[in-house]
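Chemist: here you go, sequence then predicted model.
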Amino acid sequence: MPRMAHLLALMAAFSSAAATIFIRQGLRDSGPYTGFWINLVVGTVGLWTGVLLTGGFGRLSAAGLGFFVLAGLIGTVAGRLLRFVGIEKVGASIAAGLGNLHPLVSSGLAILLLGERVTAPLLAGTVVIVLGASLLSAGGRRLGFRPRHLAIPLLSATCFGVVAVLRKLGLSHTGAVLGSAINVTTALVVFAALLLASGHRSAMVCRGRSLACFVAAGIAENAAVFLTVVALGLGTVSVVAPLSGAAPIFVLLLSFFFLRGVERLSGRVVLGTLLIVVGVYLITALSGR
């Protein structure tokens, strides 16, 4: 598998981490539904612009359309919305850490459904990453959130784990840029309908600092999705998913500089991050041997 897949997956992790920081800042003055709505609008505009700049629709089949529509419903509407709510409820570092459990889901499905091979370094790296994510969660218990709120980022991780396989399947029928655009557009249409039907039209309005933070988060979030989709086109789900799930490392570093006074670190959070670094090394350096 080309090393470019590793690099793209890690770039996606950093971009996702930056989005987490922007989301956390935006949520200080606004709600998660508003942030998610702006995120989808930014992603839809950006990705369809990318489709036009890269030569238009290209190849598209009913199967590819179906896979990316389903990915939009599961990964973007459910997974990403739960991510916004999770960041609000338990904080950026803990939400990112628990969200990192998605490689267990995606790797397991890839092995069962796509016939991908299990290697010892891959298995060890995934286990170490998950252990690190668990320590990140344990290190946040002193922040005062209710234990049941941990279910929100866990559900988000499950959705992201499933969607990695759907995107991989979709790439065999549709290009990465067009597939990503279909993905986020599906989410935008569905979420807009939900907001209008439930009478939450006010969630579509945002101003000031929150608007700037959510727009920046939308750019970073959707860049992460696109980079992940491209990485999936080059490599296997069982390698790309754990690497793109290394975002907690970058969230921790960025939190130190940009979330001072908003969130605090603990020894368990630091140890958990170090374990995730080890897991990333196991996958990138040893999985191809």
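Modeler: Perfect, thanks for sending it.

Chemist: how many residues are close by Ser198?
Modeler: 10 (other CB atoms under 10 Å). In this view, the C-beta of every residue, glycine as well, is placed from N, C-alpha and C.

Chemist: could you number the chain from 56 rather than 1 from now on?
Modeler: Will do, 56 is the new start, and the previous item becomes Ser253.

Chemist: from Ala73, how far off is it?
Modeler: Applying CB to CB, to the nearest Å, the value for Ser253 to Ala73 is 30 Å.

Chemist: same question for Leu164.
Modeler: 27 Å.

Chemist: can you show me the helices along the stretch 106-255 of the chain?
Modeler: Secondary structure of the stretch 106-255 of the chain (DSSP state H, counting those that start in this stretch): helices located at 117-126, 136-145, 147-154, 157-168, 175-194, 206-225, 231-252.

Chemist: which strands or helices does the last one pack on?
Modeler: Spelled out, that is helix 231-252. Helices and strands touching helix 231-252, as assessed by 3 or more CB pairs under 8 Å, 6 or more residues apart in numbering; DSSP states H and E, comprise helix 87-108, helix 117-126, helix 206-225, helix 263-289.

Chemist: how does it look with 6 Å?
Modeler: Packing partners of helix 231-252 (3 or more CB pairs under 6 Å, 6 or more residues apart in numbering; DSSP states H and E): helix 87-108, helix 117-126, helix 263-289.

Chemist: pull the residues that contact it.
Modeler: Helix 231-252 is contacted from outside by 95, 98-99, 102-103, 105-106, 109, 123-124, 126-127, 131-132, 225, 258, 280-281, 284-285, 288, using CB atoms under 6 Å, 6 or more residues apart in numbering.

Chemist: just the buried residues from the residues you listed, in PyMOL please.
Modeler: Burial among the contacts of helix 231-252 is assessed by 16 or more other CB atoms under 10 Å; the matching PyMOL selection reads:
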select buried, resi 95+98+99+102+103+105+106+123+124+126+127+131+132+225+258+280+281+284+285+288
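
Chemist: tell me where the model's unsure across the stretch 106-255 of the chain.
Modeler: Counting by pLDDT under 70, the stretch 106-255 of the chain contains low-confidence residues at 111, 155-156, 158-159, 161-163, 165, 169, 171, 173, 188, 191-202.

Chemist: report the buried residues of stretch 259-269.
Modeler: Neighbour-count burial for stretch 259-269 [16+ other CB under 10 Å]: Cys261, Ser265, Leu266, Cys268, Phe269.

Chemist: please state the offset of that stretch from the chain centre?
Modeler: Offset of stretch 259-269 from its chain centre (CA atoms, centre = their mean, to the nearest Å): 21 Å.

Chemist: repeat that for stretch 247-261.
Modeler: 23 Å.

Chemist: stretch 57-75 too?
Modeler: The answer for stretch 57-75 is 10 Å, by CA atoms, centre = their mean.

Chemist: need the residues that contact that stretch.
Modeler: 147, 151, 272, 275-276, 278-279, 282-283, 285-286, 289-290, 295, 298-299, 301-302, 305-306, 309, 339.

Chemist: return the set of buried residues in stretch 232-245.
Modeler: Neighbour-count burial for stretch 232-245, with 16+ other CB under 10 Å as criterion, is recorded at 232-243, 245.

Chemist: let's see the pLDDT reported for Leu320.
Modeler: pLDDT recorded at Leu320 is 65.

Chemist: contacting residues around stretch 260-280?
Modeler: 67, 70-71, 73-74, 77-78, 80-81, 84-85, 89-90, 93-94, 97-98, 101, 235.

Chemist: once you drop chain neighbours, what's closest to Thr283?
Modeler: Nearest residue to Thr283, sequence neighbours excluded (CB to CB, 6 or more residues apart in numbering): Ala67, at 4.5 Å.
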